[in-house]
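>>> Predicted coordinates and the sequence they were generated for:
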Amino acid sequence: MHIHIKQMTGRTMMAIPLGPRKIELLTYPLTHNPIKISLLQHYLNTHQKDAIDSTTAAFEINTRVVLLDQLEHHSESFSAINPNKKIPALVDGNRVIWESNAILHYLAGLHHSDLWPTDPYLQTEVIRWFMWESSRWSHCIGTLLKHRVYFPFWGYDGSPQEIEKQTQRLDKLLDLLDETLQEKRFLAGQVISLADISIAAPLMYADEIGLNLDQHPAVKLWLDELTSSHWWQQSQQALRVFREQAQVAT
Ligand SMILES: N[C@@H](CCC(=O)N[C@@H](CS)C(=O)NCC(=O)O)C(=O)O
């Protein structure tokens, strides 16, 4: 937030920074859990700019990249923030939040976002998908991405056995998502919620891993709707830029 001092002419002479509360996001943009947060930030920027400006201009989120490839997440300073030694993590004054779905919830709350429904039943639906995401989905698709995308990006070979195993598991999980999405447009009802952001995030790599959704048409429809949105494409572009810059730096 800035105060602009204007002369009688109306010309802005100087700006005094009042120092908004600084929130720090510790992240590494390549991987799927940070991608959730990036998607949310781009969604909020596109959909709720007015709401942010009028209600929550009192904070700003600064991003600090924690280099996973250089094991920076094992450093003493990062372990003091997240003893699990995993990214993303968020520091808001003396509040420290880790677990990407918890961060989604916190940031959506700060922005009064409609991505967190008001109906208690729909809230429960989102929580249920968060739990499914953490216990089943993320482990499977995250391991697949590790071996298909992240390791090769860092110059290591992925394990073909692991790729095969997780590809088979993924098919079963996609069956479940497809059944749900045959009944409703989004995971927690007829409007988009944090559940969609959380579960769709790793699918930013769908083309790159050659994911075939012919047997899962409802998932395909849902994903097409998400990926064709402006905020998704902006987040994807940010990922592209990060990858290009990281490659130039090596
Ligand atoms: N359940 C955690 C998982 C976090 C996680 O596994 N993050 C990965 C990047 S996507 C990580 O930090 N990996 C580093 C490691 O496991 O050494 C969350 O949702 O935040």
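Happy to help now that I have it.

>>> and the chain, which of its residues are near the ligand?
Where the chain comes near the ligand, counting by Cβ under 6 Å from any ligand atom, the residues are 31, 32, 33, 68, 73, 86, 87, 99, 100, 101, 134. Any C-beta I mention is one placed from the backbone N, CA and C, and that applies to glycine too.

>>> If we only consider these, which is nearest to residue 234?
Nearest to residue 234 among the residues of the chain next to the ligand: residue 32, at 17.4 Å, using Cβ to Cβ.

>>> Now do the same contact list for the closest one.
Contact analysis of residue 32 by Cβ atoms under 8 Å, 6 or more residues apart in numbering lists 138, 141, 142, 145, 201, 202, 204, 205.

>>> Looking at the residues of the chain next to the ligand, which are in helices?
If you go by DSSP state H, those have 32, 33, 100, 101 in helices.

>>> got a winner among those residues for most neighbours?
For these, neighbours were counted using other Cβ atoms under 10 Å, and residue 100 has the most, 29 neighbours in all.

>>> okay, the closest residue to that residue other than its chain neighbours: pLDDT?
Nearest residue to residue 100 in three dimensions, chain neighbours excluded: residue 33, at 4.1 Å (Cβ to Cβ, 6 or more residues apart in numbering). On pLDDT, residue 33 comes in at 98.

>>> before we move on, what about residue 47?
We have a pLDDT of 84 for residue 47.

>>> ok, and the closest non-adjacent residue to it?
Counting by Cβ to Cβ, 6+ apart, residue 47 lies nearest to residue 231, which is 7.1 Å off, once chain neighbours are set aside.

>>> List the buried residues for the host helix or strand of that neighbour?
For residue 231, the host element (DSSP states H and E) is helix 230-249. By 16 or more other Cβ atoms under 10 Å, the buried positions in helix 230-249 come out as 231, 232, 234, 235, 236, 238, 239, 242, 246.

>>> what's the spacing between that helix and its chain's center?
Computed by Cα atoms, centre = their mean, to the nearest Å, the separation of helix 230-249 from the middle of its chain amounts to 13 Å.

>>> Now do that helix: everything it contacts.
Identification of contacts with helix 230-249 by Cβ under 8 Å, 6+ apart yields 29-30, 35, 38-39, 41-43, 45-47, 153, 204, 226-227.

>>> try it again with 7 Å
For helix 230-249, contacts defined as Cβ atoms under 7 Å, 6 or more residues apart in numbering pick out 29, 30, 35, 38, 39, 42, 43, 46, 204, 226.

>>> CA atoms only for that helix - export them in PDB, please.
Only the C-alpha atoms of helix 230-249 are listed here, as PDB (Å, rounded to 0.1, in the frame of the first residue of the first chain):
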ATOM      1  CA  HIS A 230      -6.600 -17.400 -18.600                       C
ATOM      2  CA  TRP A 231      -5.300 -17.900 -15.100                       C
ATOM      3  CA  TRP A 232      -4.200 -21.500 -15.800                       C
ATOM      4  CA  GLN A 233      -2.400 -20.400 -18.900                       C
ATOM      5  CA  GLN A 234      -0.600 -17.600 -17.000                       C
ATOM      6  CA  SER A 235       0.500 -20.100 -14.300                       C
ATOM      7  CA  GLN A 236       1.700 -22.400 -17.100                       C
ATOM      8  CA  GLN A 237       3.600 -19.600 -18.600                       C
ATOM      9  CA  ALA A 238       5.300 -18.800 -15.300                       C
ATOM     10  CA  LEU A 239       6.300 -22.500 -15.000                       C
ATOM     11  CA  ARG A 240       7.700 -22.300 -18.600                       C
ATOM     12  CA  VAL A 241       9.800 -19.200 -17.700                       C
ATOM     13  CA  PHE A 242      11.100 -20.800 -14.500                       C
ATOM     14  CA  ARG A 243      12.200 -23.900 -16.500                       C
ATOM     15  CA  GLU A 244      13.900 -21.900 -19.200                       C
ATOM     16  CA  GLN A 245      15.700 -19.700 -16.700                       C
ATOM     17  CA  ALA A 246      16.800 -22.800 -14.600                       C
ATOM     18  CA  GLN A 247      18.100 -24.400 -17.700                       C
ATOM     19  CA  VAL A 248      20.100 -21.400 -18.700                       C
ATOM     20  CA  ALA A 249      21.600 -21.200 -15.200                       C
END
